[in-house]
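Chemist: no sequence on hand, only this structure:
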């Protein structure tokens, strides 16, 4: 009888029954859920030519959160807050040919005894593109009226 009860309890824990937390989720590490949504909208620009000027280097911003016991997230860090801070620090202006280069996004967690502090750090360089030099149009030689060029 004890074997039957023990096997039913083990089966319920391992099967993922909705009323009982599955054993696999109890053993998993914090934050090992599905990966966050990542959208990469990328424009490729060649920085190998002499068509840009470095405005600021190593501009950075951070978004911090708070989690209870390192498991229950109370305030999540967001990439949106970190990117807004990065744009504030970069002093980019509307209408200027400026962009962020070498963008780095780092996620980290600091765990203490009763709480954890998750962080999202972003860092980049600000570059400004120079206007492309336009070739000057060739002009016809100016001749006085009535004279002909031979």
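Modeler: Cool, the structure landed. Since this is a predicted model, take the numbers as computed values, not measurements.

Chemist: following the worst-scoring helix or strand of the chain on mean pLDDT, which helix or strand comes up?
Modeler: Ranked by mean pLDDT, DSSP states H and E, the helix or strand of the chain with the weakest confidence is helix 23-27, at a mean of 43. Counting by DSSP states H and E, the next helix or strand C-terminal to helix 23-27 is strand 52-64.

Chemist: buried residues, the helix or strand following that following strand. List them.
Modeler: The helix or strand immediately downstream of strand 52-64 is strand 66-68, counting by DSSP H and E. Residues residue 67 are the ones in strand 66-68 that count as buried (16 or more other Cβ atoms under 10 Å). All C-beta atoms are positioned from the backbone trio N, CA, C, and that covers glycine.

Chemist: please identify the helix or strand for residue 123.
Modeler: Counting by DSSP H and E, residue 123 is part of strand 115-129.

Chemist: what about stretch 4-20, average pLDDT?
Modeler: The pLDDT scores in stretch 4-20 average 57.
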